[in-house]
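One predicted model, sequence on top.
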There are 2 protein chains.
Amino acid sequence: MERETVIKKRDAVATRAAIRAAAHQRFLRESYDSVGLRDIAGDAGVDVALISRYFGGKEGLFRAVVVDEKDPDLFREPKTVAELPGFFAQLVVEDEDEERQHRMEMFIIMLRSASSAKAGEIIRDFVHRDVLGPLTELIGGDESELRANMLLAILMGIGVLRTIMMVDGFAGSEEEVAECTERFRCLFAAALTC
Amino acid sequence: MERETVIKKRDAVATRAAIRAAAHQRFLRESYDSVGLRDIAGDAGVDVALISRYFGGKEGLFRAVVVDEKDPDLFREPKTVAELPGFFAQLVVEDEDEERQHRMEMFIIMLRSASSAKAGEIIRDFVHRDVLGPLTELIGGDESELRANMLLAILMGIGVLRTIMMVDGFAGSEEEVAECTERFRCLFAAALTC
DNA sequence: GAATTAAATCAACACCTGTTGACTTAGCCG
DNA sequence: CGGCTAAGTCAACAGGTGTTGATTTAATTC
């Protein structure tokens, strides 16, 4: 959090970034329809009109958060099929790795607003092109599509249950985290082989 | 669909049911915030005012759809742990069984509106009390809570991917359905044992 | 220092939201 | 038939939505 009341330099790219950051946090916790542009503007310390001006409207802002915020290879990191279960398991358990955390946040944002008519279209395109596509290609083989779907389903299910349904009890104490990670790794592996 | 323009008898319980049915279909396809009361009223062929009058508001209508529509033991059917994987597998593959279909629809409705502030609270209570609670009790043992969470996560993940993200490719031809069911059964079993 | 241009603000718009009160109508009972 | 009650309709409300044009303010350039 920065102190913006002292001085506010007139920097277009900075306020654009501030708006996008505020939108990211809002969309992370509420759905597309729930969030109002005035909420986001208030968080960013900016007038509402700037949002429609800079992003061309609410839909454009959401697209900027979902699509433009990531680097293009964010979901293409694992290079071998053997790496996949461990990669997904690390994704669902919370740790300090900032990049992984950001990646999981993108999934939550998508899950939150997937039901909205306008946001849903953006999200579905993104999921097919940038997540399911590379994943299917990496897995390969006859049933690669089914396997990719199952992996993503587990990932999203855990995400839904944790952050949206607010169900905990996945990992409590310190050493339970490691055990829980191993169980998830095993589950993702089962989705690939069984 | 019935032809209601011909004659419309004045039946309070019938119109109440019509409103609830229309709301069910709307909430099945859009989120709580997306759906407007005027949409539901239009589908039911009723004036908007009747909704607030009969259900005490939008929130009450949603609660009536989610909570009151089911019979209480809808999610307590399986009696043994061994039955669980098959039960969940049958739940996710579409078939003609009307009761199973209705049960899965309830999950989708919950998934769609879980992110809304008002609807989310209703849903979280329901999930904990009527789904996760009985499931944990049935599984039993030290890690029963974790197991129940994993099962529900897979179920919801598949639901999200299919109906909200509109991802198909789970089952194509006729005999693929049976094979797909078996794979899901295997996956749910893995969540219990691995 | 004045002119110019971009950045930020203000105010208002048209529209849609859920909800409520007053009103009208249909159906039943005596 | 006349009265009565419940069922349904109509209109309007207060509040909120995203968006846009005109305006003001700050920073840069000549």
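Nice, I can see it.

in chain A, which ranges drop under the pLDDT threshold?
Within chain A, the stretches with pLDDT under 70 are A:1-9, A:69-74.

And the residue nearest the centre of it?
A:Met106 (1.2 Å; Cα atoms, centre = their mean).

from the chain's centre, how far out does the host helix or strand of that one sit?
When secondary structure is defined by DSSP states H and E, A:Met106 falls within helix A:98-113. Relative to the centre of its chain, helix A:98-113 is centred 2 Å away, using Cα atoms, centre = their mean, to the nearest Å.

In chain A, what residue lies closest to chain B?
A:Gly157 (2.5 Å; Cβ to the nearest Cβ). For every residue, glycine as well, the C-beta is placed using N, CA and C.

excluding its backbone neighbours, what's nearest the residue in chain A positioned nearest to DNA strand C?
In chain A, the residue that lies nearest DNA strand C is A:Ala12 (2.9 Å; Cβ to the nearest atom of the strand). Sequence neighbours aside, A:Tyr54 is the residue nearest to A:Ala12 in space, at 7.8 Å (criterion: Cβ to Cβ, 6 or more residues apart in numbering or on different chains).

what helix or strand is that neighbour on?
Assigned by DSSP H and E, A:Tyr54 falls in helix A:49-55.

is that helix anywhere near DNA strand D?
Yes. If you take Cβ under 7 Å from any atom of the strand as the test, helix A:49-55 does meet DNA strand D, through A:49, A:51-53.

Show me which residues of that helix are buried.
Using 16 or more other Cβ atoms under 10 Å in any protein chain shown as the test for burial, helix A:49-55 gives A:50-51, A:54-55.

Also stretch A:158-170?
Applying 16+ other Cβ under 10 Å to stretch A:158-170 flags A:158-165, A:167, A:170 as buried.

With stretch A:110-123 instead?
A:110-116, A:119-120, A:122-123.

Now distance to B:Ala178 too, for those residues, in JSON lines please.
As requested, the buried residues of stretch A:110-123 are arranged in JSON lines below (distance: Cβ to Cβ, whole Å):
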{"residue": "A:Met110", "distance to B:Ala178": "32"}
{"residue": "A:Leu111", "distance to B:Ala178": "30"}
{"residue": "A:Arg112", "distance to B:Ala178": "35"}
{"residue": "A:Ser113", "distance to B:Ala178": "35"}
{"residue": "A:Ala114", "distance to B:Ala178": "29"}
{"residue": "A:Ser115", "distance to B:Ala178": "31"}
{"residue": "A:Ser116", "distance to B:Ala178": "35"}
{"residue": "A:Ala119", "distance to B:Ala178": "36"}
{"residue": "A:Gly120", "distance to B:Ala178": "31"}
{"residue": "A:Ile122", "distance to B:Ala178": "36"}
{"residue": "A:Ile123", "distance to B:Ala178": "32"}
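
Run through those residues and flag the ones next to chain B.
Among the buried residues of stretch A:110-123, the ones lying near chain B by Cβ under 8 Å from any Cβ of the partner chain are A:111-116, A:120, A:123.

Ramachandran angles for the nearest residue to A:Val48 once chain neighbours are set aside?
Residue nearest to A:Val48 in three dimensions, not counting chain neighbours: A:Ala41, with 4.4 Å by Cβ to Cβ, 6+ apart. Main-chain dihedrals, A:Ala41, degrees, to the nearest 10: phi -60, psi -40.

buried sites along the biggest helix by length in chain A?
As assigned by DSSP state H, the longest helix anywhere in chain A is helix A:174-193. For helix A:174-193, a neighbour-count test (16+ other Cβ under 10 Å) marks A:180-181, A:183-185, A:187-192 as buried.
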